[in-house]
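Visitor: Quick one, what's the 3D model for this:
(2 chains)
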Amino acid sequence: MADIAFLALSVITIGAAIAALEMRSLIYGSIALMGSLGGIAGFFLLLDAPFVALFQLAVYVGSIAVLILFTVMLVKRELIFKKIEDKRRKFAGIGLMLVLMVALGAIFIDSGIKTITTDEPPVDFRDIGADFVTYYWPALILMGLILAGTVTGALVLARRVDVEDEQRAN
Amino acid sequence: MSNELIDFTLVSVALLGIGIYGLAVKRNFIRMLFAIEIIINAANLNLVAFGRFLPHSGGQTLALFSIAIAAAEVAVGLSLIIVAYRMYQNIDIADFRSLKG
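Guide: A predicted model of the protein is given here:
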């Protein structure tokens, strides 16, 4: 049976996820998304994974949410408060969501997952560090290269050639 | 440990449903990015939960990789939003049908 902390966290996470999609203002929406990502970090703490929880807080709540907030600020004011969605698709979307939740939930409840419990101690975070530098080292290097490549690509994409030409002409 | 694996899995399924609803209904580029983030987080929650109950360190390692790749994906997605907004002065994806200069 779930405890109080788990119930509170699931209410916060799911409620904030719905708020992030449904709030009128994109700014409040991105703050609600921050709450939802923070709730996931709380789940990681409940799962005895403090290292992943802190990584989640640093990367998602700390940087990605701020990046999204800055992008929202670059958009025109009317667009931030305008709701852009297909009215006809709304009920179909809600139906799809409910069918998916009920179907997948029923499958999971019916499966053998329900009987899985553990009394073993949690994984030590030192094992994760050892994993990174022994078995997963090629993946770690590849990930670093991918990160560098994508961030450079993002900078090149967002570059304004016209402004640069103007500055060069002056 | 009082929480069971099925509880975390059900929360993850709920988040996945919300994310797919957002992707299906919203036409706002930024909101669709929110929906993608929610789906990725549902997947990470599953990874860590299964890794805890096996117990095996692979789940957390994979979750860390997944978080890092998601950060890269968001950076590219946001720069695409900025480029598209500069071209069309709008963030409605129905306007982005002709992606040429």
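Visitor: Which strand or helix spans residue 31?
Guide: Went with chain A since none was named. helix A:26-46 (DSSP states H and E).
Visitor: was after chain B, sorry
Guide: helix B:29-53.
Visitor: Check whether that helix comes close enough to chain A to count as a contact.
Guide: Yes - applying C-beta under 8 Å from any C-beta of the partner chain, one finds helix B:29-53 in contact with chain A at B:30-31, B:33-35, B:37-38, B:41, B:44-45, B:48-49, B:51-53. Every C-beta, even on glycine, is put in place using the N, C-alpha and C of the backbone.
Visitor: what about the residue nearest to B:Phe29 when sequence neighbours are not counted, neighbour count?
Guide: Residue nearest to B:Phe29 in three dimensions, not counting chain neighbours: B:Ile91, with 4.6 Å by C-beta to C-beta, 6 or more residues apart in numbering or on different chains. Counted with other C-beta atoms under 10 Å in any protein chain shown, residues neighbouring B:Ile91 total 25.
Visitor: Also the one 4 residues further on?
Guide: Number of residues near B:Asp95 (other C-beta under 10 Å) recorded here: 15.
Visitor: Could you report the distance from it to A:Arg77?
Guide: To A:Arg77, B:Asp95 is 18 Å away according to C-beta to C-beta, to the nearest Å.
Visitor: In chain A, which residue is most central in space?
Guide: Nearest residue to the geometric centre of chain A (C-alpha atoms, centre = their mean): A:Leu37, 5.6 Å.
Visitor: neighbouring contacts of the strand or helix carrying A:Val52?
Guide: Using DSSP H and E, the secondary-structure element containing A:Val52 is helix A:50-56. Counting contacts by C-beta atoms under 8 Å, 6 or more residues apart in numbering or on different chains, the residues outside helix A:50-56 that touch it are A:37, A:40-42, A:44-45, A:125, A:128, B:44, B:48, B:60, B:63-64, B:67.
Visitor: Now do the contacts for B:Phe50.
Guide: Taking C-beta under 8 Å, 6+ apart, one finds B:Leu5, B:Gly59 in contact with B:Phe50.
Visitor: any idea what sits nearest A:Leu74, other than its immediate chain neighbours?
Guide: Distances taken as C-beta to C-beta, 6+ apart put B:Ile82 closest to A:Leu74, at 6.4 Å, once the chain neighbours are dropped.
Visitor: in a strand, that's where that neighbour is, yeah?
Guide: No - judged by DSSP: H, G, I helix; E, B strand; the rest coil, B:Ile82 forms no part of a strand; its state is helix.
Visitor: That one contacts A:Thr71, doesn't it?
Guide: Yes - look at B:Ile82 against A:Thr71 with C-beta atoms under 8 Å: they come within range, at 6.5 Å.
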